[in-house]
Structures are given as structure tokens and as C-alpha cells.
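> Quick one, structure for this:
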Amino acid sequence: MLIGEYVIIDHIPMLPAILKRILLAMKEYFQLQIKMSNRKLTEFGLPPFLAYTLLPICFIGLSAYLFTKTEFAGYFYILIALGIFSKLTDIKRNEFLRSCFAQKDYLKLRLLENLTIAFPFALFLVYKQSFVFIPILLVLAE
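Numbering: from 1, shown residues only. Purely as a prediction, here's the structure:
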């Protein structure tokens, strides 16, 4: 629904005003997350553009390496994803999100965050034809 800085949702007349406000709030939240990530990367001494370029390359490389080294790679893959999901469950962070969003919107936001994390894992599992692990991954993302 978003393209660059332009918000397409403003041009959809069928969306109620409240839904537009919720989507805009979520957009602002994710923009803030990107700004904070960029700041942390810069403080670490890594330009964000370089980090965002290397991240998928490293992810694919490490994933391929894991799947060549062990027959239990699918299980390890799920554990790695679960570890990343657990980083998003910080109590103070979630209390802040609950105070900013209504319960229904909070749940949508958390689901969107988790699915964003699960998506690259699921894509690689499809590539490796490890279809049995994809439903497990998606259930854990909820």
C-alpha cells in the first residue's frame, strides 16, 4: 500500500477514515523502526545501504551452508527463526506498543512483524523443498 513516501491509501475512497489512520500509524511505526536500525548500523560503523545489501546475501549463504552440513537443518532453521521472534517479545517494547495501538491493531502489527521475519525463512524452505517446515514456521509466527 506504500510506495516510497507516497501513501496510496489516501486515494482509496472506500477505506473508512479510522482504517486510514491505523494504516498510517503502522506506517509511521515501521518508518521509525527503519530509522532506529539505520542509526544503530551507522553507530556500528556500517553504512545502512551496505548492510541492507549484505544481509540477504549473508542470509542465503548461511542458509545454504546450514542445509549442506546437516540433515537436521530444517529443525535448526525453525529454532533460528524462533530466536529472532523472541527478540520481538520484550515486555517493555510490547507494553509500549499496546499503549500506542488498540488491541486489534496491536495484534495486526505483531503479526505483520513476525510474518516479515518468517518470510525469508519460508522462501528458502520452499527453495530447498522442505515444505513440512513451512506450516510450523508460520504457526510460530502468529
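> Show the low-confidence segments of the protein, by residue range.
1-16, 18-19 (pLDDT under 70).
> Tell me where this protein has helices.
Along the chain, the stretches classed as helices by DSSP state H are 17-44, 48-69, 73-87, 91-100, 103-127, 133-141.
> Could you save the ones you listed as JSON lines and add columns showing mean neighbour count?
From N, CA and C alone the C-beta is placed, and that goes for glycine too. JSON lines is the format used below for these (neighbours: other CB atoms under 10 Å):
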{"stretch": "helix 17-44", "mean neighbour count": "13"}
{"stretch": "helix 48-69", "mean neighbour count": "13"}
{"stretch": "helix 73-87", "mean neighbour count": "15"}
{"stretch": "helix 91-100", "mean neighbour count": "11"}
{"stretch": "helix 103-127", "mean neighbour count": "16"}
{"stretch": "helix 133-141", "mean neighbour count": "16"}
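> Check whether residue 73 really touches residue 67, as I assumed.
Yes: applying CB atoms under 8 Å, one finds residue 73 in contact with residue 67, separated by 4.3 Å.
> Domain map for the protein?
With domains defined by automatic domain parsing, the chain comprises 1-46, 47-142.
> show me what contacts residue 108?
Residues near residue 108 by CB atoms under 8 Å, 6 or more residues apart in numbering: residue 26.
> re earlier: residues shared between the contacts of residue 73 and residue 67?
By CB under 8 Å, 6+ apart, residue 73 and residue 67 have these common neighbours: residue 128.
> unless I'm mixing things up, residue 111 is touching residue 141, no?
Yes: contact criterion CB under 8 Å: residue 111 and residue 141 qualify, at 7.5 Å.
> and the nearest residue to residue 26 once chain neighbours are set aside, what does it touch?
Excluding the flanking residues, the one nearest residue 26 by CB to CB, 6 or more residues apart in numbering is residue 109, at 5.8 Å. Listed by CB under 8 Å, 6+ apart, the contact set of residue 109 reads 26, 29, 97, 101.
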